[in-house]
Each structure stands twice: as C-alpha cells, then as structure tokens.
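Trainee: return a 3D structure for these sequence lines:
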Amino acid sequence: MAKTPLQFRHNGRDVALFVDGGTNLLVVLREMLGDVTPKFGCGQGGCGACTVLIDGDAHLSCLTLAEAVEGRAVETLDGIKSGPTLHPLQRAFADGFAAQCGYCTPGMLMAAKALLDKIPQPSREQVVEAISGNICRCTGYEPIINAVLAAAASLRASA
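Mentor: As a prediction, this is how the structure comes out:
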C-alpha cells in the first residue's frame with residue numbers, strides 16, 4: 001500500500017511524515033510521534049479517552065483519519081502545559097481530586113479546554129454537555145465538573 005505524505009502542527013511544532021492510507025490520528029500520535037497522552041479506550045468513538053483538539057475543536061482521534069489533519073493544528077494534553085507549569089485545568093483536576101484511575105483524564109481535559117477556549121465562563125450545564133462524550137467509571141463526574149468550573153474561575157481571575 002502506498003504511503004501518504006502528511007504535514008500538520010502538533011502541539012505547536014510542525015510535523016511531516018508518511019502514513020498508510022486509513023491510519024487514524026490516534027495511531028499517528030501514539031506510535032509515530034510518541035505522544036501517549038491521548039489514550040486508546042474503545043477504538044469506536046464511544047469513550048472519549050482519545051479526545052484531542054484539531055484547530056481548537058474537540059475530536060476523537062480514534063475516528064479521525066490522519067489525512068484529515070493535513071495542514072491543521074492538533075493539540076494534545078502534552079501541549080497544554082507551559083514547561084513544568086500545569087495548565088489551570090490540570091491544576092484544578094489535581095486540586096479537586098477529579099482524577100482517580102486517570103485513564104479518562106486526558107480526554108476530559110481536552111474536552112474541557114475546548115469548552116473554556118470558546119466559553120470562558122461556562123454554566124454547569126455547558127460543562128456537562130462539553131464532557132458528555134467522555135466516560136469516567138471512577139469519579140461519578142461531580143469532581144470533574146467542579147474542577148472545570150474552578151479552572152474557569154482561575155482563568156478569569158488571572159486574566
């Protein structure tokens with residue numbers, strides 16, 4: 001099978017590589033670029049563990065063909081912190097005990113970041129809607145929702 005050239009921006013840096021046709025973005029990120037922050041969960045788009053941002057919008061990388069990100073910007077959890085400084089969402093999740101086993105956390109954080117980038121002062125209902133595509137079997141969602149709201153308040157205070 002012929003390889004397809006692919007160029008995109010990954011967490012702020014330009015990437016150029018060759019991919020097999022039909023390869024999904026999750027495989028490219030994890031296996032070709034070594035970014036293991038998006039998790040492989042169900043592989044069918046039902047759990048949200050693989051959520052990444054493409055041009056600022058949340059997408060399930062297990063369902064996104066790699067070719068679809070040609071010329072676009074892909075952001076993963078590894079790209080939201082600033083050096084050793086955690087993003088306010090990451091800090092709020094840690095402070096609010098919003099991660100237990102942690103498997104869903106990268107996808108939850110990316111879905112929440114997409115929301116806060118568009119709606120800096122979301123309502124509780126908007127947070128619930130934003131993370132509705134992400135499954136967590138540990139927390140019962142309440143700590144996650146509270147952490148997103150706390151991060152929004154923190155971002156407002158620092159602005």
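Trainee: I figured residue 115 hits residue 122, correct?
Mentor: Yes. Proximity of residue 115 to residue 122 meets the contact threshold set by CB atoms under 8 Å, at 5.7 Å. (Glycine included, C-beta is placed from N, CA and C.)
Trainee: give me the common contacts of the two.
Mentor: 130, 148 (CB atoms under 8 Å, 6 or more residues apart in numbering).
Trainee: buried sites along the biggest helix by length in the chain?
Mentor: Ranked by residue count under DSSP state H, the longest helix found in the chain is helix 142-158. Neighbour-count burial for helix 142-158 flags 143-152, 155 (criterion: 16 or more other CB atoms under 10 Å).
Trainee: quick one: contacts for residue 35?
Mentor: Here residue 35 is in contact with 10-11, 29, 76, 78 (CB under 8 Å, 6+ apart).
Trainee: can I get those in JSON lines including pLDDT, neighbour count and distance to residue 138?
Mentor: Converted to JSON lines, the contacts of residue 35 look like this (pLDDT from 0 to 100; neighbours: other CB atoms under 10 Å; distance: CB to CB, whole Å):
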{"residue": "10", "pLDDT": "98", "neighbour count": "20", "distance to residue 138": "29"}
{"residue": "11", "pLDDT": "98", "neighbour count": "20", "distance to residue 138": "27"}
{"residue": "29", "pLDDT": "98", "neighbour count": "25", "distance to residue 138": "24"}
{"residue": "76", "pLDDT": "98", "neighbour count": "24", "distance to residue 138": "22"}
{"residue": "78", "pLDDT": "95", "neighbour count": "16", "distance to residue 138": "22"}
